[in-house]
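>>> got a predicted structure here, sequence first:
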Amino acid sequence: MFTAPRTFAVVAVALLALSACKEEKKIEGGEPIRPVRTLTVAADAETRTLRYSGSVRARVETALGFRVPGKIVERLVDVGRRVEAGHVLARLDPTDLKLSLQTAEANVAAARARVKVTDDARGRARALNTKGFMADSSLDQADLAFDQAKAALEAAVYARDQAANQIDYADLKADADGIVTEIRADVGQVVAAGTPVVTLARDDEKEVAIAVPEQDVVRFRLDQTVSVRFWAERDLVLAGRVREIAGSADAASRTYAIRVGFSDDARVRLGMTATVEAVVPVSEGAIVVPASALAGEPGKTRVWVVDPAAATVAPRDVTLGAVAPEGVRILSGLAPGDVVVTAGTQFLTPGRKVRLDAPVEAQAAPAH
């Protein structure tokens, strides 16, 4: 009647022994074999493409203003109007300018009369001096009066010509063919000389204005060849050239203004949205690893490299470069073909056995 309990005890002891054997295999070497995820590093692409959006602008965009002060009495153009050189854009009230011209003409008439009087006086003085009835000093005074009158006449003529020019300045004219892009003053407004009234974009050379952050502005240089694409014309790609790079960053956005000129095309209009594409070299750090592969202490970064033959890991110090879209660039410490651990690094020690549960991933050169 006691056979069953004895049999149960024997089976229990056997199971415990078997479990102990399995546990010993699991912890062979003193530590469990950790599963890790790895990545086989490869050299990244030697170039990358920078893309920045901007708008099409005229290369020369001028804020035109009157050369004389006055009150605007007529505006002859609107925004978007295409004008030719010499076209009148706006007019000032010419009343005061006409009065100034009349005053100048009166001064010219007076100066001419003064010249005639002094010339006659000089002739009489010369005749009297010849007969011995007038001293040489008096003749010199007569000559001086004539010279002064003649100079005053010339000044009066110049003043009259200037007043006549100011009459013409009452008409604000386009200095080149172009398109009106902005109206800054309107009828009834009193403006000072030089106050911007109409902004005119010259209708000849066009360019794209983009804003580039400081980490990429060093990748651009003057006369660099780029490509220009347009949102409104998806199939249109024009060759561009970097014409201007700002010497300092914008105070608000902390970006640098870059102007890109491109070949003329009738389909491109001012204000269109454009994308500038520049292929630039990757100067350093051709190997990129994900941030999860990095370990170590502050100031001393390392990665764990796998020996596929022995299935063990070893730490290796690396030097970090710039941040890339796929991770962090490695300047030194790794070579193409090295297998690094990308997950599970917190459990690793030098020489520890690992199990590559996940397949080793080959890093492809990313397309930027």
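Okay, I see it.
>>> tell me the secondary structure for residue 292?
Assigned by DSSP: H, G, I helix; E, B strand; the rest coil, the conformation of residue 292 is helix.
>>> phi, psi of the residue lying closest to it once chain neighbours are set aside?
Excluding its sequence neighbours, the residue lying closest to residue 292 (CB to CB, 6 or more residues apart in numbering) is residue 342, at 5.3 Å. Just so you know, the C-beta spots here come from the backbone N, C-alpha and C atoms, and that holds for glycine as well. Torsion angles at residue 342 (phi, psi; degrees, to the nearest 10) stand at phi -110, psi -10.
>>> residue 342 reaches residue 293, doesn't it?
Yes: at 4.7 Å, residue 342 counts as touching residue 293 under the criterion of CB atoms under 8 Å.
>>> any idea how far the closest residue to residue 37 other than its chain neighbours is from residue 248?
In this structure, residue 37 finds its nearest non-sequential neighbour in residue 343, 3.9 Å apart by CB to CB, 6+ apart. Between residue 343 and residue 248 the distance, using CB to CB, to the nearest Å, works out to 44 Å.
>>> cool, residue 133 as well?
Applying CB to CB to residue 133 and residue 248 gives a distance of 79 Å.
>>> so if I had to pick from those two, which one is more boxed in?
Neighbour comparison, residue 133 and residue 248: the larger count goes to residue 133, with 10 against 7 (by other CB atoms under 10 Å).
>>> and the nearest residue to residue 59 once chain neighbours are set aside, how many neighbours?
Nearest residue to residue 59, sequence neighbours excluded (CB to CB, 6+ apart): residue 205, at 4.0 Å. Residue 205 has 12 neighbours, counted by other CB under 10 Å.
>>> list the contacts for residue 205?
When contacts are counted by CB atoms under 8 Å, 6 or more residues apart in numbering, residue 205 touches 58, 59, 60, 261, 264.
>>> also residue 182?
If you count contacts by CB under 8 Å, 6+ apart, residue 182 has them with 63, 79, 198, 199.
>>> next one: residue 261
Applying CB under 8 Å, 6+ apart, we find residue 261 in contact with 59, 205, 206, 207, 240, 241, 243.
>>> wait, a strand at it?
Yes: under three-state DSSP, residue 261 falls within a strand.
>>> need the pLDDT of it.
The predicted local distance difference test score for residue 261 is 92.
>>> how far away is it from residue 241?
To residue 241, residue 261 is 5 Å away according to CB to CB.
>>> just the buried ones from the contacts of residue 261?
Those of those that meet the buried threshold are 206, 207, 240, 241, 243, by 16 or more other CB atoms under 10 Å.
>>> next, give phi and psi for the closest residue to residue 346 other than its chain neighbours.
If the residues on either side of it in the chain are set aside, residue 346 comes closest to residue 295, at 7.7 Å by CB to CB, 6+ apart. Backbone torsions for residue 295, taken as degrees, to the nearest 10, come to phi -140, psi -170.
>>> contacting residues around residue 295?
For residue 295, the contacting residues are 301, 302, 303, 304, 315, 345, 346, taking CB under 8 Å, 6+ apart as the criterion.
>>> tally of neighbours for the last one?
If I follow you right, that is residue 346. In terms of burial, residue 346 registers 7 neighbours under the definition other CB under 10 Å.
>>> just confirm it is within a strand.
No: when classified by three-state DSSP, residue 346 is found to be helix rather than part of a strand.
>>> before we move on, the earlier item: just the pLDDT for the residue nearest to residue 292.
Reported pLDDT at residue 342 in the predicted model: 80.
>>> ok, it - how many residues close by?
Other residues near residue 342 come to 22 when the count uses other CB under 10 Å.
>>> about what we covered before: where is pLDDT lowest across the contacts of residue 261?
residue 205 (86).
>>> relative to residue 276, how far out is that one?
Residue 205 sits 16 Å away from residue 276, going by CB to CB.
>>> before we move on, what about residue 156?
Look at residue 156 and residue 276: by CB to CB, they are 58 Å apart.
>>> compare those two (neighbour count), which wins?
Neighbours were counted for residue 156 and for residue 276 using other CB under 10 Å; residue 276 has more, 23 against 20.
>>> pretty sure that one belongs to a helix, no?
No: looking at residue 276 with three-state DSSP, it is strand, so not inside a helix.
>>> contact partners for the closest residue to residue 153 other than its chain neighbours?
Taking CB to CB, 6+ apart, and ignoring the residues beside it in sequence, residue 153 has residue 111 as its nearest neighbour in space, at 3.8 Å. Residues counted as contacts of residue 111 (CB under 8 Å, 6+ apart) are 149, 152, 153, 155, 156, 157.
>>> among those, which ones are buried?
149, 152, 153, 156, 157.
>>> as JSON lines, these with secondary structure and distance to residue 120 would be great.
Formatted as JSON lines, these follow (DSSP: H, G, I helix; E, B strand; the rest coil; distance: CB to CB, whole Å):
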{"residue": "149", "secondary structure": "helix", "distance to residue 120": "11"}
{"residue": "152", "secondary structure": "helix", "distance to residue 120": "16"}
{"residue": "153", "secondary structure": "helix", "distance to residue 120": "15"}
{"residue": "156", "secondary structure": "helix", "distance to residue 120": "19"}
{"residue": "157", "secondary structure": "helix", "distance to residue 120": "21"}
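>>> closest one of those to residue 167?
When the buried ones among the contacts of residue 111 are compared for distance to residue 167, the smallest value, 15.9 Å, is given by residue 157; criterion: CB to CB.
>>> that closest one contacts residue 110, correct?
No: with contacts defined as CB under 8 Å, residue 157 does not count as touching residue 110, sitting 11.9 Å away.
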